[in-house]
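J.: below is the sequence, then the predicted model.
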Amino acid sequence: MNPKAVIIDDEAQMRRLLRMVLTARGYDVSEADSGETGLHEVALQRPDVVLLDLGLPGLSGLEVLRRLREWSEVPVLILSVRDQENVKVEALEAGADDYVTKPFGTAELLARLTVIQRRRFTRQHAQIAAGPLALDLLHHEASLHDEALKLTPTEFALLKVLTEHAGRIVTQSQIIKAVWPAQSSDASEGLRVHISHLRRKLGDGPPRIINEPGIGYRLVEE
């Protein structure tokens with residue numbers, strides 16, 4: 001059975017381009033030119049991925065995303081001409097899996113789709129992995145190329161968040177809420193310090209932790 005994709009974009013030319021690219025990759029594609037229609041299509045089709053434009057007329061793309069996250073965990077790739085950091089952060093914290101700025105290359109689009117659809121979390125064994133990196137959540141142990149990594153509890157918690165979202169941007173706010181849920185003061189400086197420590201322990205990679213300036217971090221497997 002082919003994977004399904006729903007494109008929610010009010011530009012007919014963009015929808016045609018995306019349909020052509022996705023169909024060539026083997027997707028069954030449905031389209032919507034408004035937020036309301038898009039939500040209906042997602043509920044009807046139960047797709048494997050949603051490509052969502054933020055600049056929709058009427059119901060905004062951000063509101064579509066928020067409503068969608070009330071009942072679905074389908075991977076969502078945001079497509080938008082807006083490149084402001086605050087817009088990206090708002091979309092990611094509302095539940096987007098990644099963000100591509102228009103215009104974009106076909107190779108980049110397909111690579112991002114592959115990443116956000118990849119699910120490496122095995123709940124039965126409480127293990128997650130990103131390339132040669134493996135985390136045992138039950139025993140709080142990590143290994144790289146089958147060699148044990150010596151991590152502090154905070155480093156393990158931080159690496160767990162990044163590995164669960166491998167290939168995807170995780171905002172600073174999302175990381176801080178996951179790692180320091182009771183933190184009442186600004187933890188951004190502490191986050192930078194722990195990221196620096198983790199980078200040294202991971203070595204030259206892969207995987208590598210890369211910085212998304214003004215937004216957060218991404219664990220990449222290549």
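T.: Okay, I see it. Numbering: from 1, shown residues only.
J.: how about the residue positioned nearest the centre of the chain, nearest residue that isn't a chain neighbour?
T.: In the chain, the residue lying closest to the centroid (Cα atoms, centre = their mean) is residue 97, at 2.9 Å. Taking Cβ to Cβ, 6 or more residues apart in numbering, and ignoring the residues beside it in sequence, residue 97 has residue 116 as its nearest neighbour in space, at 4.0 Å. All C-beta spots, glycine's among them, are computed from the backbone N, C-alpha and C.
J.: for residue 148, same thing?
T.: Closest residue to residue 148 apart from its sequence neighbours, by Cβ to Cβ, 6+ apart: residue 141 at 6.9 Å.
J.: backbone dihedrals for the nearest residue to residue 11 once chain neighbours are set aside, please?
T.: Distances taken as Cβ to Cβ, 6+ apart place residue 53 nearest to residue 11, at 7.4 Å, with adjacent residues excluded. The phi/psi pair for residue 53 (degrees, to the nearest 10) reads phi -80, psi 140.
J.: what number of residues lie near the closest residue to residue 96 other than its chain neighbours?
T.: Leaving aside its chain neighbours, residue 96 sits nearest to residue 78 (4.7 Å; criterion: Cβ to Cβ, 6+ apart). By other Cβ atoms under 10 Å, 25 other residues sit near residue 78.
J.: do you know how far residue 78 is from residue 92?
T.: Computed with Cβ to Cβ, to the nearest Å, the distance linking residue 78 and residue 92 is 8 Å.
J.: now for the two: what residues contact both?
T.: Taking Cβ atoms under 8 Å, 6 or more residues apart in numbering as the criterion, residue 78 and residue 92 both touch residue 99.
J.: helices or strands up against the top helix by length along the chain?
T.: When secondary structure is assigned using DSSP state H, the longest helix within the chain turns out to be helix 188-202. Packing partners of helix 188-202 (3 or more Cβ pairs under 8 Å, 6 or more residues apart in numbering; DSSP states H and E): helix 153-164, helix 172-179, strand 208-212.
J.: save the ones you listed as JSON lines, and put in mean pLDDT too.
T.: Below are the helices and strands packed on helix 188-202 laid out as JSON lines (pLDDT from 0 to 100):
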{"stretch": "helix 153-164", "mean pLDDT": "93"}
{"stretch": "helix 172-179", "mean pLDDT": "90"}
{"stretch": "strand 208-212", "mean pLDDT": "93"}
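J.: nearest to residue 133, out of the ones you listed?
T.: Of all the helices and strands packed on helix 188-202, it is helix 153-164 that lies closest to residue 133, at 6.5 Å by Cβ to Cβ.
J.: which other residues reach the closest one?
T.: With Cβ under 8 Å, 6+ apart as the test, helix 153-164 has contacts from 120-121, 128-130, 133, 135, 137, 140, 142, 151, 170, 174-175, 178-179, 191, 194-195, 197-198, 201, 209, 217-219.
J.: swap in stretch 75-91?
T.: With contact meaning Cβ under 8 Å, 6+ apart, stretch 75-91 is reached by 9, 14, 48-55, 61-62, 65, 68, 95-102, 104, 109, 112-113, 116-117, 169, 171, 173, 213-216.
J.: how many residues are close by residue 147?
T.: The number of residues near residue 147, taken as other Cβ under 10 Å, comes to 8.
J.: ditto for residue 36
T.: Residues lying near residue 36 (other Cβ under 10 Å) number 14.
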